[in-house]
Structures are given as structure tokens and as C-alpha cells.
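Engineer: for reference, the sequence and a predicted model appear below.
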Amino acid sequence: MSGNTWTAPTAPGPLDASVRVPGSKSITNRAFVLAALSAAPTLVRRPLDSRDARLMQGALTALGGGVERRGDDVLVSPLAPEGTEPASVVLGNAGTVARFTPALAGLGSRPVLFDGDEAIRRRPIAPLLRALRDLGLDVEDEGRGAPPFTVRGHGGIAGGKVELDSSASSQFLSALLLAAPAFESGVTVRLVGDAPPSEPHIAMTLDLLRRFGAAPERSGVEFHVPATALSCPEYEVEPDLSTAAPFVAAAAVAGGTVRVEGWPQHTTQPGDWLRSLLTELGQRVELDETGLTVTGTGEVRAARLDLHEVGELTPVVAAMLCFGDGPSVISGVAHLRGHETDRLAALATELSALGAGVTETADGLAITPAPLHGGVFHTYEDHRLVMAAAVLGLRVPGVEVEDPETVGKTFPEFTATWQALLG
Ligand SMILES: O=C(O)C1=C[C@@H](OP(=O)(O)O)[C@@H](O)[C@H](O)C1
Ligand SMILES: C=C(OP(=O)(O)O)C(=O)O
């Protein structure tokens, strides 16, 4: 590490390593929210400890919940929103915090200000705020339908039927469904507009709701969650399979074997799709009770991939395809322009700057591999760009990764774990 850059290490040869990645961001922050809405405390076991997870803990504390670290676990006590004095929730650049917590403020009786990094002020949220208003919440913004905004709680949310356009982010729908057990009449959401991205994350929301005792139902574009007293004394968080992406990609790019410990047998995480992707790209993949083993050839097949359902994997997949044996195309991810940064623009710029032929399309990237060279890789405060740059560095000396600490959004120990992978 030098100054504010990190020289991504090259692979010394074929890999032979085992890695343990931290807990899933998406599961951790859902479990925290549902625990806060439960009737009794929940011990969330092995949750993620990272910027986004801490922001969620801070939000729940500001809203009247209790959060207590106990070794590797976190005990979350239910929201007990008392008082009328103003509070504020810091969003950072966490989509899950920005989308999942405003509804919770409507359960209390105080004005709560929501604001965060510059980037979160540009990320889409207006359709969710509109739906929350339709459900009876009092939301005041600056006319842009974005943070900063204030939710003035009136001691409860009526709930009922609402229409929602969740095409810019699946998190809008997840937000309504997660909070709905605490609404007086639950919620019936009818999706309008284009289909939401990230379908596995919607399945994850329904799965966690069930684990906490709710009974969500889905019929096509209509979702129903009845009012329910939630409860789940203990909830164990799975390892984050999207965080595992650069590690399994490393086996493909550098050759050799990488094992990811504790890869679940069944999961709703989008990262589980990496098993079929890696097979399609020519790698050997084996899942057993102890984890996932990927044995790579060091040769990556080109592919045409629709990543609409697994958009958060795009940066690492794009980096891998820069080593493909021909041109590749990624489609279905126009919504990535509203992620941590405009990820399509960032990837096209940064991968091209290192010599690859990468252009933006209307809904993705066209990637033509070419000999790569070192240089500064800008990361735009996007954790997954740090991970993508690390994958490139395996075969390209001199990839200088700007602001590597930004990876702390989901994996503060990423660079150390990456160095250990390479021995
Ligand atoms: O619900 C979640 O935990 C997430 C949903 C997805 O968001 P989008 O649907 O906005 O892509 C995903 O990209 C994000 O990393 C996490
Ligand atoms: C899109 C992402 O994050 P967020 O939860 O902030 O939306 C991501 O982690 O790739």
C-alpha cells in the first residue's frame, strides 16, 4: 500500500488457497431490520462488520432500536421509538440503508432526517418515496425525490394497497415488504413499469420474512405481506458470495485452485450463480458440505451474459472477461448507472485505460480483450471496482488501485485477504 493507492499483486503462478469471506451484506442488513421490527431481541450470528453494516446499526439505533456486539455476533433489540425530538440517519452510500430504513421512521413520532454521501443523493429513490407517501407516510424532500429528506412519524403506518415502479432498483420493493409486517394492514404491492432487476434479492427478502415468522405471498407482479408480530431468537448469516466473486475469479484468471469455505448448499444470494458462470467460462467447480472449490485453467472463454438478475457481480465479471478468448457482451444492466457510481461508465473508462477494448452499450458493456498494461485504476468510491482491479492485477503488473479503503463498504480486510490468497 502506498499513499492512497494499492498496487494489486500479480499471481506468482497457479493458486492453491482457501478463503473465508465475511457475512453477506444483503442478508445482514435484512436480518438487522427484521430483528428491529421483532417483538423480542434477535441474536444475529456472524453478521457482516463493514461500513454498510455499521451504517444500518447506526440507523436502527437512531430510530430507537438497540444494537450490542457480542464477539462475532450482534444482539439487536426491537425499535422502541419514544419521544418527539428530531433524529437523523446517516446513509453513507448504502443502498440498503437508504431504501430499507425510511419506512421504519414512520412507526415513531419524531422527524427523522435522512442524508449521506454525495453519491447517495444521486441514486434513485423517488418511486419508493412516492409509494411511502401513498401508504400514509409524511415525507418531505427538496423537490428532487432524493436525500436529504425528512420523514415525520405519526406513531404508525396504515399500510394497504400500493403501486410501485421498482425497475430502477429491486431495493424499493424489498423496502416495502420488509417493513410491512409492522403496518396496521400489512401491504399489497402491485408492480408497475419494467420488471425489477436483482430477482434473487427479492427472493432473499421473502425468505428472511418467512424466517422471522411473516407469511409473504407472491402472485406474478403482486406481493402481499400481512401484519405480523415477528420473531426469530437467532439468525445465522451466510458468507457473502458476491464478496467471494473476485476470489473464485482469481482461479479462472491465474489458474490453480481456490476454495471458498462455507459456501451454502442452498441460498437466495445472487453470487450462487457464479457456479454456473464459471462452468460456462471453462472452469471446474465443485460444491460440497465444506465449501466451493474452483479449479481454473487460466484460460477464460468469451461469453454473452445477461446480468439483469445479478447486476452487482458485473464489475468482477467484466474484469474476468478482459482475459477472455474473444469478444464478450454483458447486457441487462442499465440500472448499474444508478449504483455506487455509474458502473458502466466507470468500467468502460478504467478497463479501456489499461488497454482493453471496452465500450458502453445501452444496457451493458461490449468487451474486446487486448494486451493490458499497468496504470492507475480509479475506483469512484465503489467497493466492487477495487475487487475488479484486483482481478486484473493478477495478470497485469503495475495496476495501481486508487483509494483501496473504499472496499470497506463490504469487506474492510479485502486487500490483506487478497495478499494472503497469493501466498
Ligand atoms: O437488496 C439488496 O440487498 C441488494 C439489491 C441489489 O440492488 P439493485 O436491485 O438496486 O441492483 C444489489 O445490486 C445490491 O447490491 C444489494
Ligand atoms: C449495488 C450495491 O450496493 P448497495 O447496497 O449500496 O445498493 C453493491 O453492493 O453492489
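Structural biologist: Thanks, I have the structure now. Worth saying up front: this structure is predicted, and the values here are computed from it rather than measured. Ligands and ions are numbered 1, 2, ... in the order given.
Engineer: OK, contacts around the residue nearest to residue 9 when sequence neighbours are not counted?
Structural biologist: In this structure, residue 9 finds its nearest non-sequential neighbour in residue 422, 5.3 Å apart by C-beta to C-beta, 6 or more residues apart in numbering. Backbone N, C-alpha and C define where each C-beta goes, glycine included. Residue 422 is in contact with 9, 11, 12, 15, 17, 394, counting by C-beta atoms under 8 Å, 6 or more residues apart in numbering.
Engineer: now swap in residue 179 and tell me
Structural biologist: By C-beta under 8 Å, 6+ apart, the neighbours of residue 179 are 33, 37, 100, 103, 104, 157, 187.
Engineer: and for the third one, the neighbour number?
Structural biologist: Each residue near residue 100 was counted by other C-beta atoms under 10 Å, and the total is 26.
Engineer: same thing with the fourth one?
Structural biologist: Other residues near residue 103 number 27, with proximity taken as other C-beta under 10 Å.
Engineer: quick one: stretch 173-182 near ligand 1?
Structural biologist: Yes: counting by C-beta under 6 Å from any ligand atom, contacts between stretch 173-182 and ligand 1 involve residue 174.
Engineer: tell me the contacts of residue 139?
Structural biologist: Per C-beta under 8 Å, 6+ apart, neighbours of residue 139: 102, 129, 132, 133, 149, 150, 151, 152.
Engineer: and the host helix or strand of the fourth one, C-alpha only, in PDB?
Structural biologist: Of the helices and strands defined by DSSP states H and E, residue 133 is found in helix 126-134. Taking only C-alpha atoms (Å, rounded to 0.1, in the frame of the first residue of the first chain), the coordinates of helix 126-134 have been written out as PDB:
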ATOM      1  CA  ALA A 126     -38.100   8.700  -5.800                       C
ATOM      2  CA  PRO A 127     -40.500   5.800  -6.700                       C
ATOM      3  CA  LEU A 128     -40.100   4.400  -3.200                       C
ATOM      4  CA  LEU A 129     -40.700   7.800  -1.500                       C
ATOM      5  CA  ARG A 130     -43.900   8.100  -3.700                       C
ATOM      6  CA  ALA A 131     -45.100   4.700  -2.500                       C
ATOM      7  CA  LEU A 132     -44.400   5.500   1.100                       C
ATOM      8  CA  ARG A 133     -46.400   8.700   0.800                       C
ATOM      9  CA  ASP A 134     -49.300   6.700  -0.800                       C
END
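Engineer: what residues of it count as buried?
Structural biologist: Buried residues in helix 126-134, counting neighbours by 16 or more other C-beta atoms under 10 Å, are found at 127, 128, 129, 130, 131, 132.
Engineer: quick check: the two most widely separated of these?
Structural biologist: Spanning the widest gap among the buried residues of helix 126-134 are 127 and 132, at 9.9 Å by C-beta to C-beta.
Engineer: which SS class is whichever residue of the stretch 301-423 of the chain sits closest to ligand 2?
Structural biologist: Here the residue of the stretch 301-423 of the chain nearest ligand 2 is residue 312; by C-beta to the nearest ligand atom that distance is 3.5 Å. With DSSP: H, G, I helix; E, B strand; the rest coil as the basis, residue 312 sits in helix.
Engineer: ok, it touching residue 243?
Structural biologist: No: using C-beta atoms under 8 Å, residue 312 makes no contact with residue 243, being 10.1 Å away.
Engineer: quick one: contacts for the closest residue in space to residue 117 that isn't next to it in sequence?
Structural biologist: Excluding the flanking residues, the one nearest residue 117 by C-beta to C-beta, 6+ apart is residue 93, at 4.4 Å. By C-beta under 8 Å, 6+ apart, the residues touching residue 93 are 116, 117, 119, 120, 123, 340, 381, 409.
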